[in-house]
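**Student:** build me a model from this:
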Amino acid sequence: MRRRSLIIAVPAGLVTLAACGDDDSGSSSSASDSASPEASASSSAPPPPKIVDGPLPAITAGTKFDEKPTVAKGSGEPSKDLAVKTVIAGGGKAVAEGDFVSANYLGQVWQSAKVFDNSYDRGTPLVIQLAQGSIIDGWRYALTGKKTGSRVEFSVPPKWGYGEQGNEQAGIKGTDTLVFVVDVQDTFNARSSARGKEVPQDDAALPKVGTNTNGKAPSIEVPDAGAPKKLVAQYVLEGDGAEVGAQDSVLVQYKGVVWDGGKEFDSTYSRKQLTSFSLQQVVKGWSQGLTGKKVGSRVLIVIPPDLGYGDNPPQGSGIEKDSTLVFSVDILAKM
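**Tutor:** Model prediction:
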């Protein structure tokens, strides 16, 4: 079962990158026949729910954090409110609304115990933003304030789930209350940084990138020398996470400057908003430079014109034709 794509707003900077990429990069491999807890595109947000303790069905197997759980069928009528229980209390960072969370989860229907989706079998956590329009409201309200390392069980009435229309693809009716078990692994926001091991930057002919991990934009010092003719992609901080594949999507912080003069033209730090994208939907220098790199890393990428924008830079970007581009990219998560 493949992961379906996520409805996550992509800031203008990466939309521009994607729009100027190759024509064959527009299709994503992350489409799926499963149902992630992303929001329906149609309905307006209901008022915030009342949060109650239960009732909630028992977890009968897979009771440890990050183990695939087995959840009993709901007994009796479910709550009309949002029932939330912290099954395992983690001691990590608190999740805030608007954060991107990385989590494993299982979802099933209260009345039948039919499992309609789970990430455990896919072997890849879900990474999604807890923001209105990105995910069903039940997730936003249930997980906000919880700490990483926590297992949270909650039931979501239709009003804060898929609404009266349900989700036909997943076999969810408009009257179904949903039960989720979510293992919150990590949370990311505009203050997040890569936290890998520092790698020596010994080549005087290449830019030097700052190694700060405080969520602020790293410095990029471009040497007074000719730009390399070939792609450069090197660790500044080397993480220990999974390697990024050519078909993957990633969640990143980044900063981009032009080689000639070192002028910044784009940055998630300036926008105070993380961004996500598929490596199939960006210029070749990005996709080739990040493929094979590890999650948790900061990467220096130097992109020659033939792998960047060439003679057709984005209008209003401040990038001149045939510019060599320099990026610092923090790979926060693979999606």
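**Student:** what about Gly123, neighbour count?
**Tutor:** 8 (other Cβ atoms under 10 Å). Glycine gets a C-beta too; all of them are placed from N, C-alpha and C.
**Student:** that one and Asp66, how far apart?
**Tutor:** From Gly123 across to Asp66, the span is 12 Å (Cβ to Cβ, to the nearest Å).
**Student:** same check on Pro46?
**Tutor:** Pro46 is 31 Å from Asp66, by Cβ to Cβ.
**Student:** who has more neighbours out of the two?
**Tutor:** Asp66 (16 against 12).
**Student:** and that one, what element?
**Tutor:** If you go by DSSP states H and E, Asp66 is not part of any helix or strand.
**Student:** surely it and Tyr105 touch.
**Tutor:** No. Asp66 lies out of contact with Tyr105 (Cβ atoms under 8 Å); the separation is 10.7 Å.
**Student:** any residues in contact with both of those two?
**Tutor:** Any residue near both Asp66 and Tyr105 by Cβ atoms under 8 Å, 6 or more residues apart in numbering counts here, and that gives Asp183.
**Student:** hang on, Ala269 in a helix?
**Tutor:** Careful, residue 269 is Tyr and not Ala. Yes. According to DSSP: H, G, I helix; E, B strand; the rest coil, Tyr269 belongs to a helix.
**Student:** how many neighbours does it have?
**Tutor:** Neighbour tally, Tyr269, other Cβ under 10 Å: 20.
**Student:** before we move on, what about Ala45?
**Tutor:** 11.
**Student:** one more: Phe265?
**Tutor:** So Phe265, with other Cβ under 10 Å, has 17 neighbours.
**Student:** same deal with Trp139?
**Tutor:** Around Trp139 there are 27 residues (other Cβ under 10 Å).
**Student:** and the helix or strand hosting Ile128, how far out from the chain middle?
**Tutor:** Counting by DSSP H and E, the secondary-structure element that holds Ile128 is strand 126-129. Centroid displacement of strand 126-129 relative to its chain, using Cα atoms, centre = their mean, to the nearest Å, is 5 Å.
**Student:** touching the helix or strand that comes right after that strand from outside, list them.
**Tutor:** Downstream of strand 126-129, the next assigned helix or strand under DSSP H and E is helix 137-143. For helix 137-143, the external contacting residues (Cβ under 8 Å, 6+ apart) are 37, 39, 45-46, 48-49, 51, 82, 84, 95, 97, 101, 103, 130-132, 152, 154, 156-157, 160-161, 178, 180, 182, 184.
**Student:** give me the ChimeraX select line for these, limited to the buried ones.
**Tutor:** Selection of buried members from these for ChimeraX, criterion 16 or more other Cβ atoms under 10 Å:
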select :37,39,49,82,84,95,101,103,130,131,152,154,156,157,160,161,178,180,182,184
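**Student:** pull up the distance across stretch 209-219, start to finish.
**Tutor:** Distance between the boundary residues of stretch 209-219 (Cα to Cα, to the nearest Å) amounts to 6 Å.
**Student:** may I see the buried residues of that stretch?
**Tutor:** Result for stretch 209-219 [16+ other Cβ under 10 Å]: buried residues 209, 211, 213, 217-218.
**Student:** could you dump the residues you listed to JSON lines with distance to Ala194, secondary structure and pLDDT?
**Tutor:** Shown next, in JSON lines, are the buried residues of stretch 209-219 (distance: Cβ to Cβ, whole Å; DSSP: H, G, I helix; E, B strand; the rest coil; pLDDT from 0 to 100):
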{"residue": "Val209", "distance to Ala194": "11", "secondary structure": "strand", "pLDDT": "98"}
{"residue": "Thr211", "distance to Ala194": "9", "secondary structure": "coil", "pLDDT": "98"}
{"residue": "Thr213", "distance to Ala194": "7", "secondary structure": "coil", "pLDDT": "97"}
{"residue": "Ala217", "distance to Ala194": "13", "secondary structure": "coil", "pLDDT": "98"}
{"residue": "Pro218", "distance to Ala194": "9", "secondary structure": "coil", "pLDDT": "98"}
